[in-house]
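Participant: After the sequence you'll find the predicted model.
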Amino acid sequence: MSEYAIGDIQGCYDALQQVLDKVGFSPSRDRLWVAGDLINRGPESLKTLRYIANLGTSAEVVLGNHDLHLLAVAMADHKTKRKDTLDSILTAPDRDQLLDWLRQQKLCVYDPKRDLFMAHAGLPHIWTVAQAGTHAREVEQVIRGPQAAEYFAGMYGNQPAAWHSGLSGMDRWRVITNYFTRMRFISPDGALELTAKESVDTAPAGFAPWFDYARDDSTRVVFGHWAALEGHTGHKRFIGLDTGCVWGGALTLMDLDSEEITCCDC
């Protein structure tokens with residue numbers, strides 16, 4: 001049995017199959033950790049979503065911002081964007097089953113045996129792994145429960161910019177969501193800067209990439225979301241797997257134990 005993590009697929013189904021074929025992936029034997037953004041912007045979002053959902057327990061999935069966007073469109077009447085490729089899912093006969101499956105997925109996962117953490121955007125230095133898990137479970141219960149429509153109606157936004165324990169309701173849910181699915185640059189006190197999206201050299205004054213801050217643990221962190229990094233963080237323990245497949249880059253797969261990288265040009 002092998003376990004692999006894969007970066008942002010974003011509906012690039014053919015590339016997904018090609019990179020899985022390269023390692024001889026078998027759902028009956030292996031497991032695939034998906035670092036979020038399964039769908040959107042690529043040509044085959046529906047086919048990709050069906051494939052990952054059908055993997056069942058052979059997949060470990062965290063939600064990315066594009067996955068949450070699909071749910072917001074479906075559940076809270078948010079408008080699709082010009083470059084979205086979500087219509088095939090929204091009009092599919094199995095739409096409701098697929099959306100229900102997506103709502104059951106997590107914001108982060110942690111494997112204590114490997115001391116390995118995965119979230120779409122990463123792990124902010126202001127939280128321990130245990131704290132991150134607690135905050136993720138709180139929002140996951142909202143997404144799965146009767147307040148889901150309220151959550152998706154108010155999910156978008158950059159405020160509050162920083163976490164503090166006194167937050168409640170939508171402000172609390174939103175900032176937790178932003179750390180897990182949108183974070184790139186962060187300040188020493190934990191404030192997010194969510195408008196800058198390019199390379200680490202473009203950090204706004206007073207901010208740095210989240211992975212440049214010291215942590216008190218030795219946890220490896222696998223993440224996606226930041227294609228401009230091209231997989232380079234400068235830190236061995238922080239592993240960026242979004243290599244911009246949907247933008248003509250590559251789809252990247254990593255063996256969780258050997259850390260061997262396998263890529264498929266897109």
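Facilitator: Sure thing, it's come through.
Participant: Give me the neighbour count for the nearest residue to Arg144 once chain neighbours are set aside.
Facilitator: Among residues not flanking Arg144 along the chain, Arg103 sits closest, at 5.4 Å (Cβ to Cβ, 6 or more residues apart in numbering). Yep, even glycine has a C-beta here, placed from its N, CA and C like the rest. Arg103: 19 surrounding residues under other Cβ atoms under 10 Å.
Participant: Same question for His225.
Facilitator: 26.
Participant: Model confidence score at it, please.
Facilitator: His225 carries a pLDDT value of 98.
Participant: can you tell me which residues contact it?
Facilitator: Applying Cβ atoms under 8 Å, 6 or more residues apart in numbering, we find His225 in contact with 8, 35-37, 64-65, 120-122, 181-184, 242.
Participant: For Tyr110, grab phi and psi.
Facilitator: Dihedral pair for Tyr110: phi -140, psi 130, per degrees, to the nearest 10.
Participant: Does it have any beta-bridge partners, and if so which?
Facilitator: Bridge pairing for Tyr110 (DSSP bridges) gives the partners Phe117.
Participant: separation between the residue lying closest to Ile186 once chain neighbours are set aside and Ala161?
Facilitator: Excluding the flanking residues, the one nearest Ile186 by Cβ to Cβ, 6+ apart is Trp210, at 4.7 Å. To Ala161, Trp210 is 14 Å away according to Cβ to Cβ, to the nearest Å.
Participant: Could you pull out the buried residues of the longest helix seen in the chain?
Facilitator: If you go by DSSP state H, the chain has its longest helix at helix 129-144. Applying a neighbour-count criterion of 16 or more other Cβ atoms under 10 Å, one finds Val129, Ala132, Gly133, His135, Ala136, Val139, Glu140, Val142, Ile143 buried in helix 129-144.
Participant: Do you know the pLDDT at the fifth one?
Facilitator: In this case it means Ala136. Per-residue pLDDT puts Ala136 at 98.
Participant: does Leu251 sit in a helix, a strand or a coil?
Facilitator: Three-state assignment for Leu251 (DSSP: H, G, I helix; E, B strand; the rest coil): strand.
Participant: for it, what are its contacts?
Facilitator: 6-7, 9, 12, 15-16, 18-19, 243, 245, 263-264, 266 are the contacts of Leu251 under Cβ under 8 Å, 6+ apart.
Participant: same thing but at 7 Å, please
Facilitator: Gly7, Ile9, Cys12, Ala15, Leu16, Val19, Cys245, Cys263, Cys264, Cys266 (Cβ atoms under 7 Å, 6 or more residues apart in numbering).
Participant: Report the beta-bridge partners for it.
Facilitator: Bridge pairing for Leu251 - DSSP bridges - gives Cys264.
Participant: returning to what we had before: okay, Trp210 and Ala161: which has more neighbours?
Facilitator: For Trp210 and Ala161, the more surrounded residue by other Cβ under 10 Å is Trp210, and the numbers stand at 24 against 15.
Participant: Give me the phi and psi for the residue most central in space within the chain.
Facilitator: The residue lying closest to the centre of the chain (Cα atoms, centre = their mean) is His120, at 2.4 Å. For His120, the backbone dihedrals are phi -60, psi -50 (criterion: degrees, to the nearest 10).
Participant: That one is in contact with Trp33, isn't it?
Facilitator: No: the criterion here is Cβ atoms under 7 Å, and His120 misses it with Trp33 at 11.6 Å.
Participant: picking that back up, elements contacting the longest helix of the chain?
Facilitator: In terms of contacts (3 or more Cβ pairs under 7 Å, 6 or more residues apart in numbering; DSSP states H and E), helix 129-144 is packed against strand 108-111, helix 148-154, helix 169-181.
Participant: Perfect, that will be all.
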